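Quick check, what structure comes out for this input:
(chains A, B and C)
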Amino acid sequence: MTERVGVYVCHCGSNIAGTVDVEGLAQWAQANLAGVTVARDYKFMCSSLGQELIEQDIKEQGLTRVVVGACSPHLHEKTFRKACSNAGLNPYLCHMVSLREQVSWVTSDKRLALEKAKALISAGVRRVQLHEELEPTEVPVNPNTLVVGGGIAGIQAALELADAGYQVYLVEREPSIGGHMAQFDKTFPTLDCAACILTPKMSDVGQHPNINLLSYSEVEEVSGYVGSFHVRLKKKARYVKEADCTGCGICIEKCPKRVVDDVFEAGLGYRKAVYRPFPQAIPKFPVIDRANCTYFERGTCRACEKFCPTNAIDFEQSDAFLDLDVGNIILATGYDLFDCAKIPQYGYGRLANVFTSLEFERMCNAAGPTEGKVVLRDGVTTPRSVALIHCVGSRDKRHHPYCSAVCCMSALKFGHLVMEKTGADVTSFYIDMRPLHKNYEEFYDRLQQEGMHFIRGRAAEVTDAARLPGEEGKLIVQAEDTLIGRQRRVPVDMVILLGALQPRADARETALRFGISCSMDGWLTERHPKLDPVATMTDGIFIAGTCQGPKDIPDSVAQGAAAAARVQGMITTGTVMIEPIVASIDEARCSGCRICNNLCPFNAIDYLEDKGVSFINAALCKGCGTCVAACPAMAISGAHFSYDQISAELEGILYDAVRGNGHAVATPEPAAAGG
Amino acid sequence: MRYAYYPGCSLTRSAEPYDLSAKAIAAPLGLSLEEVDDWNCCGATEYISINKNAAYALVGRNLALAAQQGVSKDLVAPCSACYLNLRKVDHYMGVYPEIRERTNAALAAGNLHYEPGAMQVRHLLDVVVEDVGFENLKERVVRPLDGLRVAPYYGCLIVRPQWNGGRGASPEQSGGGGVDPEYPTHLDRLLRTLGAEVVDFPLKTHCCGGHMTQISADTAYELIRRLLHNASEYEADLIVTACPMCQLNLDAYQSQVNRHFGTSFHLPVLYFTQMIGLAMGIAPAELGIGREVTPAREVLGRIGAAAPTAPEAAPRRKRDDKALPMPRRREEA
Amino acid sequence: MHGPSSDADFLAEVIATTPGAETLITCLQCGTCGGSCPSGPDMDHTPRHLFAMINAGLRDEVLRSNTPWYCVACYYCMARCPKDIPITDLMYSLKRMAVREKLYDDRDAPDWSTSFIGMVDSYGRSFEFGLATRYHLTHSPLKKVGVGPMALEMFSKDRMALRPHRIKGMNQLRAILDTAKAQEAV
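Okay, the predicted model is just below:
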């Protein structure tokens, strides 16, 4: 049966029509391509009128296939498929040809453009006639959700889902949830105490009947697909029996081993070998740091065990593994702070009184190593002058080209705290001031009024080599004050570096483990930077918070909530449609060589031992075609990418070499002797 | 190990002690420094200020001759400015086709040609540190420089510029990169290997002023003063350098600086090759010692005189010590 | 900003003559260069300021500026620039352009360089004594009080040659340099 193909060539305004003779193309298709019943050109095929054209033709002209030559399928494949199904035609009998991204946007030569457009339309017309009706598969959505990361974004997502009545597994690799926000003292621009606004949420998480908090745990393995993910978790051994521990803290008091706390105290304070990261930790159970515990090192001490009133210490504990089934996953894994020692001219690590932003947060925090006092590295001296250096590692081709979004506001906040606590002189060295969001600019104005100094000039160096009077014993920040065009040396007691926010050190591993992508920088990639910031290209996996890119707390909370909303939508719908563009293996032809197994980027191919053949999980398969091409026995066929369909497409491209338009490609002339 | 050796104009006279000492320590360290035949001036910072194509061609002739003479793939320059010019032209010819074509077109007029990358331009300091290594060097120390407080002065051009931003770049790719451009430590470590007490003065890569002594004495003297002042503040006995320009400025102009500012610096300035030679037991005269304008003889007399101080045991942390921990430092290069 | 004193082609010219200088148009005006420059306080415009002027097309003012002549070529600016702008090389380009158009108020620095290369063009090597005498005697000799005694000390330590050394391949070098100089200007 010959098909009745409708061909629609879109002008896309002048995007396509400016380079491709769209009218001529449609006419040519009608006159020259076998199977074409009607061919039209139209200004905007994606408009409702354009779609109605298709629908009308299907009904009135009995079209059995549709080819739309327009933009990339990424944009409007769904639109035209919908138009077809509205008119009663299976949506998979519609094929899109990209005349914009692949033709008018790659050349300005009209002759070449028309030639290529003809080849592509011809290809589309030939292959669509071999399309089969396909139905998407419906798979159930497990109502449980996994949230990875217990910072503010993860906490928000977990609470929203839990409050909506759904089970959430919240996995956090540190002993307590809270993330970076728990380390802060105050938050801008309200100067709310970070812990005061965070701990109520943390408490809620700890007590919520619908949240299963898995702290001090990490995700080991993820498999499955949207609606049915299988996750293997490792619950790291705390060496504390949670059932017996009351959280009294005597073990911590009695522990004789003190080490620098590199994580929560940002290296500025100490903790014991058995510890809770901070007093309001959720859960309250301490953790023994095996690497630094005297018992594990030498077999002696055991003070914690001796003094524990409920016998909750258990040195024999080992890591446990947990398998979970969830329907959706939200990644909220947060950020790391830039290593400021990478910019040696700022003296971090060499000059004692140079601090990072996180170190300074800990210093200001009343529960921190200095009990909230702003002091120099000697722990006692109050600074009388402080410099804040912006853009340390940000906006820098040598380190991170991006702007970290929060540092200008943090600098203002720090300036305020320093002045409030010590009355010291504060000078900010900035390139641009970026108080972008609600009440941020007003906060900048407030700090100007409070007497903070601002020098527009990226700090060139921080040195202790005094040169001019008044510099002896100080740290001197040298910079060009660009607004007056002069180099200045500003002697201060303390320097605070606003370091860049950067992706977690293991961000790439995380992306790989969950099957999503991350950018060159390492930020997890959203589905669309403008219109879909919390979804990823992998259905069922969402991202929220700073793991997607530098942002402040309100934005992290908003993204956590947005991700939760998306997941809720999927849970209430109950099922999800899986695209039927998948590959399948003809068991009869499969020899069990398993070449395809390891090639699949989505781990969709299993080997069936009993049958000795490979098997493709249609729900995981994304129809990339790798296995189809690799199978030496040609046993794998891809729906919409069968050999016949692809051959037809190739023949279509070579239309001007095909004699008789529809018959086999003419045998090429044998090569002349001698090559 | 054979090296094509490019001494540069200064080493023929004004910095002859550098040349003498380099050659004196070469054989014992297993280095064979074979001078490029008929090399010409690298142009310093002057030629490129007047004519770019000629400046590149001027350097190109040296690269071409060295490649042609085939002594070694390594072209060693003891002078930091020559080092910069040689590696800059090699690097730019490799990266910018127009520069490569133009320079080779000029070289062709002299029947020469240079393929960028044919020579690996190295600084003498890097050769000693990388190819000889600290272990080997230590084995050859017969007269440790105990009692001497030395300020290692790198100057600018050994550590900057670093094409490729110095990030993960091999020394070949970044032409001198791979070391910290602000706070290098390899010369420090070398001098420590020789037994000297190294003074970590913060201005160790600050500029000596280069040719500014001839253009604006005020500017230059101030830059020189800063270095002398800083080294003195840290109680250095002498300054060790790896560049003839730095040595000249800090040494020969020291009395000018004193006169200009009313200071009374007396800081001898020697080359690292002279220090190595001393530690290896070579006679000072063979190392050109005595030809420095600010005499080093008295200071060198302190070698071996004072008993080396035992390293202070790290003080035990007191219970009520409120000091905050320092961030962990990176390992020394 | 266009006017009789502004030249829109100036920026393009500066970029064309300096390897890697396309990044100049991404200058953030952050001031790291001006802040790092050891001789910055002596310049009439900081390097950053000069780049803003180049962007604004102020050809005359830029080429008359003493900034490039005070550049000590320490490369601090270039090593620290967050936008990878080849600042020191740009300074060399501005020197060349100023010399070509004779746009400088103080002849000292350009003349020093010209004298230096005069030696190289004649001998293939630099010749400090000849350079110093030729240059200092014609350039405010009375200001250069210290040079005399310093030179004497250098002589006494046998660190100053009285006669130049001419390389063997002077003809070869001359042919090479002449060809190079005849190539596209600057």
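
Report all helices and strands that the helix or strand bottoming out on mean pLDDT in chain C contacts.
Within chain C, confidence by mean pLDDT, DSSP states H and E is lowest for helix C:147-156 among all helices and strands, at a mean of 80. Applying 3 or more C-beta pairs under 8 Å, 6 or more residues apart in numbering or on different chains; DSSP states H and E, we find helix C:147-156 packed against helix B:244-252, helix B:254-261, helix C:128-138. Glycine gets a C-beta too; all of them are placed from N, C-alpha and C.

In it, which residues are buried?
If you call a residue buried by 16 or more other C-beta atoms under 10 Å in any protein chain shown, then helix C:147-156 has these buried ones: C:147, C:150, C:151, C:153, C:154.

distance between that helix and the chain's centre?
26 Å (C-alpha atoms, centre = their mean, to the nearest Å).

what's the answer for stretch A:409-423, then?
32 Å.

Contacts for it next, please.
Outside stretch A:409-423, the residues that touch it by C-beta atoms under 8 Å, 6 or more residues apart in numbering or on different chains are A:185-189, A:191, A:357, A:360, A:364, A:372-374, A:382-384, A:386, A:388, A:390, A:424, A:426, A:428, A:430, A:434-435, A:440, A:443-444, A:446-447, A:450-452, A:496, A:498, A:552.

Tell me how far stretch B:132-151 lies from the chain's centre.
Mean-position distance between stretch B:132-151 and its chain equals 17 Å (C-alpha atoms, centre = their mean).

Within range of chain A, give me the residues from chain C.
Among all residues of chain C, those adjacent to chain A (criterion: C-beta under 8 Å from any C-beta of the partner chain) are C:28-37, C:40-41, C:45-46, C:48-49, C:76, C:80, C:82-84.

touching chain C at all, stretch A:479-499?
Yes. If you take C-beta under 8 Å from any C-beta as the test, stretch A:479-499 does meet chain C, through A:479, A:480, A:481, A:482, A:485, A:486, A:487.

Would you mark the buried spots in that stretch?
A:479-482, A:485, A:487-499.

ok, that stretch near chain B or not?
No. Judged by C-beta under 8 Å from any C-beta, stretch A:479-499 stays clear of chain B, getting no closer than 11.0 Å.

send the alpha carbons of that stretch over as CSV?
Once side chains and other backbone atoms are set aside, the C-alpha atoms of stretch A:479-499 remain, and they are given as CSV (Å, rounded to 0.1, in the frame of the first residue of the first chain):
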residue,chain,number,x,y,z
ALA,A,479,45.1,47.4,44.6
GLU,A,480,44.4,49.9,42.0
ASP,A,481,41.5,52.2,43.1
THR,A,482,40.1,52.2,39.6
LEU,A,483,37.7,55.0,40.3
ILE,A,484,40.5,57.4,41.0
GLY,A,485,43.0,55.6,38.8
ARG,A,486,45.7,55.2,41.4
GLN,A,487,47.4,52.3,43.1
ARG,A,488,46.7,52.2,46.8
ARG,A,489,48.1,50.2,49.7
VAL,A,490,45.7,49.7,52.5
PRO,A,491,47.1,48.4,55.7
VAL,A,492,44.7,46.1,57.7
ASP,A,493,44.9,43.6,60.5
MET,A,494,42.8,40.9,58.9
VAL,A,495,41.9,39.9,55.3
ILE,A,496,38.8,37.9,54.4
LEU,A,497,38.7,36.2,51.1
LEU,A,498,35.4,35.7,49.4
GLY,A,499,36.2,32.5,47.6
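
Skipping its backbone neighbours, what lies nearest the residue in the stretch 1-150 of chain B that chain A sits nearest to in space?
With C-beta to the nearest C-beta, the shortest gap between the stretch 1-150 of chain B and chain A falls at residue B:95, namely 16.4 Å. Using C-beta to C-beta, 6 or more residues apart in numbering or on different chains and skipping residues adjacent in sequence, the residue nearest residue B:95 is residue C:19, 7.5 Å away.
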